[in-house]
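*Asks:* here is a sequence with its predicted model. Questions after.
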Amino acid sequence: MPSNDMRPRQKTLVGMFNHVLTTYAEGFMSAFTRVHARSYGKPLGRLFDLYFPAPVFALTVRGRRTGAPRTVMLILTRDGDDLVVAGSNGGNPKLPAWYLNLREAGEAIATIDNRQIAVRFREVSESERERYWGLLTKNYRHFDTYDAMTSRKIPLGVLEPLNA
């Protein structure tokens, strides 16, 4: 559940490890993400995919400062044709740059199994938050750990296919 839920959440070892890496080894994680994104869909990429106990996809969005395309790997959580994303950054105190870029750009390209899909971004409203958080944590339970490890409210977004 989101941070405002008072029930105790169990922290996972993988979630805590990811939190430490994203918070204290940002350079390493940035390099890991770049290599993972470049190798996505190839044999080396499939090896990187094993690190995550959930399916992943590549999201390419224009940088808000440079305008250059930036690709990150995210947990693949579906809601029908839509994709649900969380700006968790592993529970890092800082919002991830890809989320800020996506918020500003409003559109991106999602690559799933070598298929590119143009998507439109919208932020999840408070009234929708619990439902989408449930989808995310059902698919990747470590989001609860990230939420427990940060003092910020993790923003959630929906990526809607433009051709739907």
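*Replies:* Thanks, I have the structure now. Numbers count the residues shown, from 1 in each chain.

*Asks:* for the chain, what spans make up the helices?
*Replies:* Listed in chain order, the helices of the chain (DSSP state H) span 13-24, 26-39, 43-49, 97-105, 126-139, 142-149.

*Asks:* could you identify which of those has the lowest mean pLDDT?
*Replies:* Among the helices of the chain, helix 43-49 carries the lowest mean pLDDT, a mean of 58.

*Asks:* residues contacting the spatially most central residue of the chain?
*Replies:* Nearest to the geometric centre of the chain sits L74, at 4.1 Å (C-alpha atoms, centre = their mean). By C-beta atoms under 8 Å, 6 or more residues apart in numbering, the residues touching L74 are 56-59, 85, 98. (C-beta placed from N, C-alpha, C; glycine too.)

*Asks:* please apply the same query to Y132.
*Replies:* Applying C-beta under 8 Å, 6+ apart, the residues near Y132 are 79, 84, 124, 156, 158.

*Asks:* the second one pairs with what?
*Replies:* Note on V84: beta-bridge partners V158, judged by DSSP bridges.

*Asks:* before we move on, what about the first one?
*Replies:* According to DSSP bridges, the partner residues bridging D79 are D82.

*Asks:* so it is in contact with G134, correct?
*Replies:* No. Contact criterion C-beta atoms under 8 Å: D79 and G134 do not qualify, at 10.5 Å.

*Asks:* need the overlap of contacts for these two.
*Replies:* What both D79 and G134 touch, as defined by C-beta under 8 Å, 6+ apart, is an empty set.

*Asks:* do you know how far T71 is from R131?
*Replies:* T71 sits at a distance of 28 Å from R131 (criterion: C-beta to C-beta, to the nearest Å).

*Asks:* ok, those two, which is more surrounded?
*Replies:* Comparing T71 with R131 by other C-beta atoms under 10 Å, the one with more neighbours is T71, at 18 against 12.

*Asks:* so that one sits against L59, correct?
*Replies:* Yes. Using C-beta under 8 Å, T71 is in contact with L59, at 6.9 Å.

*Asks:* can you tell me which of the contacts of Y132 are buried?
*Replies:* Using 16 or more other C-beta atoms under 10 Å as the burial test, those include 84, 124, 156, 158 as buried.
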